[in-house]
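[1] Fold the following for me, if possible:
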Amino acid sequence: MTKFGEIISIDKPVLIDFYADWSDSEPSLETLRDVAAALGDKAKVIKIDIRKNEILAEALRVKGNPTFMIYKNGEMKWRQTGEQDANTLIGLVQQYF
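    Model prediction:
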């Protein structure tokens, strides 16, 4: 949890993909790579396995898979459960530059 606090407290948007390996609906790693490549060093893109981080997932009430969140300066700016395409995610994160 402490490390999560450090990750989301930066002055850049942080896109987090909460996922579980067992789900067929998990967005491809390629989609997130595309997002990360398009955003460059203006944002961070992170995947968090909800099964390996159950306490964090519970604390954030992550019920669906995948669940995406955008944080900036420690504050949640956006949250959505369900698949998202790369262009949508890029556009959303760019709103918080």
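[2] Just the buried residues of stretch 41-58, please?
    43-46, 48, 50, 53, 56-57 (16 or more other CB atoms under 10 Å). Where C-beta positions appear, they are placed from N, C-alpha and C, glycine not excepted.
[3] Redo those residues as CSV? Include pLDDT.
    Shown next, in CSV, are the buried residues of stretch 41-58 (pLDDT from 0 to 100):
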residue, pLDDT
A43, 98
K44, 97
V45, 96
I46, 95
I48, 93
I50, 93
N53, 94
L56, 96
A57, 96
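[4] the longest helix in this structure is where?
    helix 29-39 (DSSP state H).
[5] elements contacting that helix?
    strand 14-19, strand 44-49, helix 86-94 (3 or more CB pairs under 8 Å, 6 or more residues apart in numbering; DSSP states H and E).
[6] so what's F4 closest to, chain neighbours aside?
    L56 (5.8 Å; CB to CB, 6 or more residues apart in numbering).
[7] Quick check: which element contains that neighbour?
    helix 54-59 (DSSP states H and E).
[8] Quick check: which ranges of this structure have low pLDDT?
    1, 22-27 (pLDDT under 70).
[9] Go ahead and flag the most central residue of it.
    I16 (1.3 Å; CA atoms, centre = their mean).
[10] surely T67 meets E83?
    No: the pair T67 / E83 is not scored as a contact, 10.8 Å apart, by CB atoms under 8 Å.
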